[in-house]
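> just to be clear, the model below is a prediction. Sequence and coordinates:
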Amino acid sequence: MQIRRTKIIATLGPATDSPEMLGAVIEAGADILRINLSHGTHKDQAARAVQVREVARSLNKEVAILADLRGPKIRIERFVGGSVELQAGDIFTLDASAEPAPGTRQRVGVTYKGLAEDVSIGDLLLLDDGMLTMRVKEVKAKDIICIVEAGGELGDRKGINVQGGGLSLPGIAQHDIEDIPRAAAMGADYLAVSFPRNAEDMNEARRRLREAGSDARVVAKIERTEAITNLEEIIAASDAILIARGDLGVEIGDAELPGLQKLITRKSLEQNRIVITATQMMQSMVESPIPTRAEVLDVANSVFDGTDAVMLSAETAVGRHPQTVVEAMNRICLGAERHDETRMGCDSLNVQFERIDQAIAMAAMFMATNVSVQAILALTESGFTAQWLSRVRSGVPIFALSPLRDSLRRMALYRGVYPVANNIPTTDVEVTLTEGVRLLLQEGHIKVGDRIILTMGQNTDNEGGTNSLRLVQVGEDGYLENNPSLNAH
């Protein structure tokens with residue numbers, strides 16, 4: 001049976017708040033569950049994290065939690081009646097003063113008090129993800145006077161972007177500084193940093209995360225023009241990259257977005273980082289029970305480009321069919337992976353090894369792409385070996401055996417890696433390997449006669465200690481090492 005290699009991230013929200021629906025979403029194929037800290041109360045967010053752990057445990061599944069910081073997004077304040085209707089040609093003022101009055105059809109406050117200093121006459125402002133646009137006509141003290149170019153309904157707390165970027169907002173906002181310890185307390189496995197400008201923003205997020213006692217990995221969301229300028233340094237400072245196509249597309253323009261998506265994917269893979277593709281991948285399924293053909297192609301093309309994971313946002317958080325949309329995304333990923341374009345050789349990787357376990361992982365994947373093998377079994381404490389194994393796009397499934405729950409959950413994001421809990425009560429490597437092979441046999445992942453690769457260290461409780469590999473054949477009671485033939489089965 002084909003096993004999906006590309007991972008699926010599903011965003012939690014009111015539509016998934018019942019334990020039954022959350023369980024259905026996990027069973028449908030969600031590997032990582034995203035808690036968006038921009039929505040809901042702190043109590044709601046913490047309760048969702050607790051429920052994820054409880055439901056996943058009841059299903060005997062290892063799923064990761066991705067906590068997504070709000071970031072320094074600029075928003076308008078609230079209107080007297082909740083929204084206003086604007087028309088092309090209207091004069092509308094954005095008020096960046098300290099205490100703006102409630103919004104009217106003529107003006108509304110903004111959350112970023114430095115906006116008047118950052119914009120110039122002629123700048124194009126895009127509101128509500130570009131649904132409304134207005135051009136800066138004049139700046140008077142804290143008033144930004146604009147002329148509406150594309151009108152429509154403008155509601156409370158909608159976002160503002162400046163086409164072309166250029167805002168001096170910090171990458172880590174004050175509310176993010178307060179939210180990082182909350183993400184640590186809820187046991188997040190990954191922390192997504194919204195709107196980072198440079199490597200230092202990512203370093204600061206990691207530093208504050210460690211100070212809060214968390215070993216979570218940091219994910220850079222690429223969604224502002226400045227991040228493109230500093231792309232390579234941001235990638236180097238991050239564990240994973242998330243292509244946030246909403247705000248990024250608004251800032252750079254939709255015509256530039258497809259090429260940039262491919263560029264970000266390629267640059268991230270060149271540095272051996274995890275890549276997540278996000279935003280409106282299955283947007284029609286917020287309402288519809290089936291995706292559009294364009295959405296099917298979008299997901300499939302992201303898989304072809306080499307993404308590690310594809311993400312659902314409103315589709316699962318507030319959509320009418322959370323389980324169905326995950327099932328559809330699972331089906332599309334499997335279909336894409338049946339094509340040879342989803343595979344590449346080791347020669348395309350950055351092979352400047354800094355650690356022995358990196359070298360062992362790449363040697364294993366070179367062997368897997370040149371010898372007929374049916375699986376890889378990696379004994380790993382931290383999950384680093386599995387992460388390096390996942391960097392080569394091979395059709396060979398990687399089963400990562402670890403005794404640590406944190407490592408198992410983090411590995412849920414690695415493409416082609418299937419975390420397996422090591423509950424074998426021994427530190428003897430030979431016993432652990434034999435029992436691990438038997439477990440895969442029992443669960444039907446491998447069969448007698450299959451050829452598999454084993455990677456391991458000298459003992460099973462030494463983090464980063466992977467230093468050897470074996471090519472073996474599966475026997476009735478474990479594995480055999482006495483078949484020298486490399487002929488394909």
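That came in fine, so what should we check first?

> for the chain, which spans come out with low pLDDT?
By pLDDT under 70, the low-scoring segments of the chain are 340-354, 458-465, 480-489.

> tell me the centre residue of this protein?
Centroid-nearest residue in the chain: Ile276, 4.3 Å away (criterion: Cα atoms, centre = their mean).

> please identify the helix or strand for that one.
Using DSSP states H and E, Ile276 maps to strand 274-278.

> what sits up against that strand?
For strand 274-278, the surrounding residues in contact (Cβ atoms under 8 Å, 6 or more residues apart in numbering) are 9, 219, 239-245, 261, 264-265, 268-269, 302, 305-311, 313, 387, 413-415. The C-beta positions use only the backbone N, C-alpha and C, and glycine is treated the same way.

> among the residues you listed, which lie within strands?
Taking DSSP state E as the definition of strands, the contacts of strand 274-278 contribute Ile9, Val219, Ala240, Ile241, Leu242, Ile243, Ala244, Ala309, Val310, Met311.

> between the residues you listed, which is closest to Tyr112?
Ala244 (18.7 Å; Cβ to Cβ).

> isn't Ala30 right up against Thr11?
No. Applying Cβ atoms under 8 Å as the test, Ala30 and Thr11 come out as separate, 9.7 Å apart.

> neighbour count winner among these two?
A direct count of neighbours by other Cβ atoms under 10 Å for Ala30 and Thr11 places Ala30 higher, at 31 against 26.

> residues contacting that one?
By Cβ under 8 Å, 6+ apart, the contact set of Ala30 is Ile8, Ile9, Ala10, Val63, Thr316, Val326.

> hey, what's Val84 bridged with?
Judged by DSSP bridges, the bridge partners of Val84 are Leu154.

> wait, what's in contact with it?
Val84 neighbours (Cβ under 8 Å, 6+ apart): Gly103, Thr104, Arg105, Val108, Glu153, Leu154.

> tell me which two of these sit farthest apart.
Maximum pairwise distance in these, criterion Cβ to Cβ, is 14.5 Å, between Thr104 and Glu153.

> re earlier: between all of the contacts of Ala30, which two are separated the most?
Largest pairwise distance in those, by Cβ to Cβ, is 13.3 Å, between Val63 and Thr316.

> between the two, tell me which one has more neighbours.
Legend: neighbour count by other Cβ under 10 Å for Val63 and Thr316, higher for Thr316 (33 against 24).

> please tell me how far the spatially closest residue to Leu263 that is not a sequence neighbour sits from Leu257.
Distances taken as Cβ to Cβ, 6 or more residues apart in numbering put Leu231 closest to Leu263, at 7.9 Å, once the chain neighbours are dropped. Leu231 sits 14 Å away from Leu257, going by Cβ to Cβ, to the nearest Å.

> could you turn the buried ones of the contacts of Val84 into a PyMOL selection?
Buried members of the contacts of Val84, defined by 16 or more other Cβ atoms under 10 Å, are picked up in PyMOL with:
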select buried, resi 103+108+154
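
> reformat the contacts of Val84 as JSON lines; add distance to Ala363.
Below are the contacts of Val84 laid out as JSON lines (distance: Cβ to Cβ, whole Å):
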{"residue": "Gly103", "distance to Ala363": "62"}
{"residue": "Thr104", "distance to Ala363": "67"}
{"residue": "Arg105", "distance to Ala363": "67"}
{"residue": "Val108", "distance to Ala363": "60"}
{"residue": "Glu153", "distance to Ala363": "59"}
{"residue": "Leu154", "distance to Ala363": "58"}
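
> show me where the stretch 201-350 of the chain has helices.
Ranges of helices within the stretch 201-350 of the chain are 225-229, 231-236, 245-252, 257-270, 293-305, 314-317, 322-337, based on DSSP state H, counting those that start in this stretch.

> nearest to Asn36, out of those helices?
Comparing the helices of the stretch 201-350 of the chain by Cβ to Cβ, helix 314-317 comes nearest, at 7.1 Å.
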